[in-house]
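**Student:** can't give you the sequence, but here's the structure:
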């Protein structure tokens, strides 16, 4: 964490009253701790995106192309013609203010330009000037202003203080979605090469190596091998896995972040254990892929086109390997892309089969044409049919709450599957207050490419509403574990918890599943996947048979 | 002084003066009573249509509904039909709830930062109540006014009038008479709601901060319309028969200016004309936009039914072959399967020198 980041007791001094001066009169102040570094020109160039160059947001001169205003104007016009959403959202806002205090960045910073309505007005003001008669005639009184270098800087600063979480759109009477506006705004900025590096470099990495972190295939395999060793240490079982295997039943794709850093690694270990279990018990053949080793898609934070370029690998790899369908791991924006964009962009998927669980026979009707199933859907179905032998008491040292990640919540609607799983693998589950979960959930504060190190103040401020709700259940119920189904959460929430609620740790859903999963031939586990002692388990208990529904074939397998 | 509401206020006062004074000049009554209303209606209809057509010209490339509840997935998980609609009829219900009951506004909460950093979110329904009161009062007023354009007056209109004037208030003194004709509540509710919406913009700091001239102007204008209507009905006691003669003349394309129509009537009709003409060029178009918002009016079955993007175009991708060409040796080394085995390296060259090899294979 950057040393300059203010202390929690300083950061909590938030004034939500807007200043007296007209917002157009308040010049943008690009402040350290609140912005991310500019994109590395090599990354921009690798992707063939325009105007790659070294530039610094703090400099006066952003080294813009000479006709930058024309580029923006034309880009704006083009997008109004291509996206009805953009046009409607520019036109219909009545500035009722319902969205104002719904944004976690506004709640955490008090900066009025983080009110969703004003974030949109940053673009709308230029729209009025460039594309409406009323705006041209009345000018500033009517919220119109011409594009200028200061306006551009304001766009850049505040469009990278939005995590595209869509919370405001739930409350808007016209469904105006700031995420959509930010997406368009960032696309426009990218026309001028004005990306941030935390997005641009992962995108370039993903394009080349198949994942955001730039892990090359041999290293990817090394990492999985490393997990295999760790799993053996904890469980005594040497798990088997496949990569790039042709003819497997299912291709599994998950964010590379979970292969790389704690605590996501424990979730990755959970996947390996689950797949091993399913192979041993039911002969299910799941393969990982190195070419498709990224579930996430930072292209989504760059432009629709870049999103499509990165996403294409999922179907291409499924086709090459000849699998029946694709299973997707826990991730946030990955699932918005898969759920709302993938089939449209890169379908149709006639080379795949309609997804059916070979173990339970359940048809995943809701993924009929897109043919990609969320692992929480897949696993909750397994549990419902009694196909997993589970000992939830192994998670008894954890008091768990669940953070609904923004994109799976408001861009997909997956709420009850993960809760069902948690309730089956843990005995102590507590919900956070209703206004902070499900469709009202708060962002971790670091989504949409903002989980860099240099914008720590922004992240801690933006994560305040989430942390505050966690703190509430921590104090009330003694919650010590925050579960989530998003890899960015697993990277972003640990520092957030450390900052606001240091007593609470972060876990993925499938780490909890794997802790509870009774593997064939395992030793009596004395520790969880983190190699931490499970209290009361130092003396090992016999696992009782028939704990789960105990299908007869399962026992025959023993 | 905030120009953002001062200018619209002055504009509405000027409009009032134009109509009020203009109507006194005998020749101009025809302009205010006939020409301007016709032009306004024409502008409204054409402008509204142009706007909606303009919106629908832009395609909806992606299905991006905001999901506000549990998706339809496994059969034993309870699906939230109207917040995450999977079928078209469910979208209709979602839209109806949105358009008729302002459901999203009903969710509104108010955030408060308390001592010790705790944040609370309380249900805040003033805006919802105000908005509902405003829109429904306006609707009732509109329906009541059909009386002036239809002969005989339809039963529905009479029914609504009866309901609207359900509460009788009569003050009858020689010096002050009120309540005859019967009091319509809708007009007063409209006036009150408009005032609330205005005061909210003025006194809620965050809302004041974001408000612009085109937020205030329609409020002042509608205030003027409601006030002039009420004034005519209860104070100056406009000659209703004459007024109806004029409006019927408009609708039957036989415009006349009957005697006995007073200046307030011209103010009223002028304000309405301005509102109609202004409508298509303003945020009032949310009336049309609310039906077209892609985050609300689409099904959430994006994985079960493929949505077509009319401008979907091919993009440059990094193919598997290009990928394997770059990493083949490393993959082979750790035993990862490959499509193409590496070409045998000539004996004299060291095997680890993979850089130039890559170039050869690229083709």
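**Tutor:** It's in. The structure displayed is predicted, hence computed values, not measured ones.

**Student:** how about residue A:243, what does it touch?
**Tutor:** Residues in contact with residue A:243 (CB atoms under 8 Å, 6 or more residues apart in numbering or on different chains) are A:220-221, A:224, A:287-290, B:336. The C-beta positions use only the backbone N, C-alpha and C, and glycine is treated the same way.

**Student:** Residue A:133: which of these is nearest?
**Tutor:** residue A:289 (53.4 Å; CB to CB).

**Student:** Please name the residues that touch residue A:48.
**Tutor:** Here residue A:48 is in contact with residue B:316 (CB under 8 Å, 6+ apart).

**Student:** Secondary structure of it: a helix, I assume?
**Tutor:** No: using DSSP: H, G, I helix; E, B strand; the rest coil, the assignment for residue A:48 is coil, not a helix.

**Student:** any idea how far residue A:397 lies from residue A:507?
**Tutor:** Per CB to CB, to the nearest Å, residue A:397 is found 12 Å from residue A:507.

**Student:** Could you pick out the buried ones from the contacts of residue A:243?
**Tutor:** Buried members of the contacts of residue A:243, counted by 16 or more other CB atoms under 10 Å in any protein chain shown: A:220-221, A:224, A:287-290, B:336.

**Student:** Mark which of the residues you listed are part of helices, please.
**Tutor:** Under the assignment DSSP state H, those contribute A:220-221, A:224 to helices.

**Student:** Out of those, which comes closest to chain B?
**Tutor:** Sorting those by how near they are to chain B, with CB to the nearest CB, puts residue A:221 at the top with 5.1 Å.

**Student:** And the residue nearest to that closest one when sequence neighbours are not counted, how far from residue A:232?
**Tutor:** Among residues not flanking residue A:221 along the chain, residue B:334 sits closest, at 5.1 Å (CB to CB, 6 or more residues apart in numbering or on different chains). Separation of residue B:334 from residue A:232 (CB to CB): 19 Å.

**Student:** Around the closest residue to chain B within the stretch 451-558 of chain A, how many other residues sit close by?
**Tutor:** Nearest residue of the stretch 451-558 of chain A to chain B: residue A:468, at 4.8 Å (CB to the nearest CB). By other CB atoms under 10 Å in any protein chain shown, 25 other residues sit near residue A:468.

**Student:** now residue A:65
**Tutor:** 14.

**Student:** And it, how far from residue A:201?
**Tutor:** Noted for residue A:65: a distance of 22 Å to residue A:201, by CB to CB.

**Student:** where are the low-confidence patches of the stretch 51-200 of chain B?
**Tutor:** B:168-169, B:177-181 (pLDDT under 70).

**Student:** all strands of it, in order?
**Tutor:** B:109-113, B:119-123, B:171-172, B:177-178 (DSSP state E, counting those that start in this stretch).

**Student:** What residues of the first one count as buried?
**Tutor:** Under the neighbour-count criterion of 16+ other CB under 10 Å, strand B:109-113 has B:109, B:111, B:113 buried.

**Student:** mind checking how far the residue nearest to residue A:221 is from residue A:242?
**Tutor:** In this view, residue B:334 and residue A:242 are 13 Å apart by CB to CB.

**Student:** can you check residue B:248 too?
**Tutor:** Remark: distance between residue B:248 and residue A:242 (CB to CB) = 82 Å.

**Student:** What of residue B:283?
**Tutor:** Using CB to CB, residue B:283 is found at 57 Å from residue A:242.

**Student:** re earlier: what pLDDT is listed against the residue of the stretch 451-558 of chain A closest to chain B?
**Tutor:** For residue A:468, the pLDDT comes out at 96.

**Student:** so when I look at it, I'm seeing a helix, right?
**Tutor:** Yes: looking at residue A:468 with three-state DSSP, it is inside a helix.

**Student:** and it, what does it touch?
**Tutor:** A:500, B:117-119.

**Student:** Please apply the same query to residue A:363.
**Tutor:** Contacts here follow CB under 8 Å, 6+ apart; on that basis residue A:363 touches A:354-356.

**Student:** May I ask which of those residues has the most neighbours?
**Tutor:** residue A:355 (25 neighbours).

**Student:** My guess is residue A:251 contacts residue A:323. True?
**Tutor:** Yes: contact criterion CB atoms under 8 Å: residue A:251 and residue A:323 qualify, at 4.4 Å.

**Student:** sorry, back to before: out of the buried residues of strand B:109-113, which are close to chain A?
**Tutor:** Contacts with chain A within these, as defined by CB under 8 Å from any CB of the partner chain: B:109, B:111, B:113.

**Student:** quick one, phi/psi of the closest residue to residue A:165 other than its chain neighbours?
**Tutor:** Distances taken as CB to CB, 6+ apart place residue A:406 nearest to residue A:165, at 3.7 Å, with adjacent residues excluded. When read as degrees, to the nearest 10, the backbone of residue A:406 gives phi -60, psi -50.

**Student:** Kindly state the pLDDT recorded for residue A:406?
**Tutor:** Looking at residue A:406, its pLDDT reads 96.

**Student:** you'd agree it is up against residue A:438?
**Tutor:** No: contact criterion CB under 8 Å: residue A:406 and residue A:438 do not qualify, at 11.3 Å.

**Student:** Which of those two has more residues huddled nearby?
**Tutor:** Remark: of residue A:406 and residue A:438, residue A:406 carries more neighbours, 28 against 22, as counted by other CB under 10 Å.

**Student:** residue contacts, the more buried one?
**Tutor:** Contact analysis of residue A:406 by CB under 8 Å, 6+ apart lists A:163-167, A:332, A:441, A:443, A:447.

**Student:** please redo it, this time with the cut-off set to 10 Å
**Tutor:** Neighbouring residues of residue A:406 by CB atoms under 10 Å, 6 or more residues apart in numbering or on different chains: A:104, A:163-167, A:179, A:332-333, A:336, A:439, A:441-444, A:447-448, A:486, A:488-489.

**Student:** Filter those down to just the ones in helices.
**Tutor:** Using DSSP H, A:104, A:167, A:179, A:333, A:336, A:488-489 are the members of those that sit in helices.

**Student:** Restricting to the residues you listed, which residues neighbour chain B?
**Tutor:** Applying CB under 10 Å from any CB of the partner chain to the ones in helices among the contacts of residue A:406, one finds that A:167, A:179, A:336 fall near chain B.
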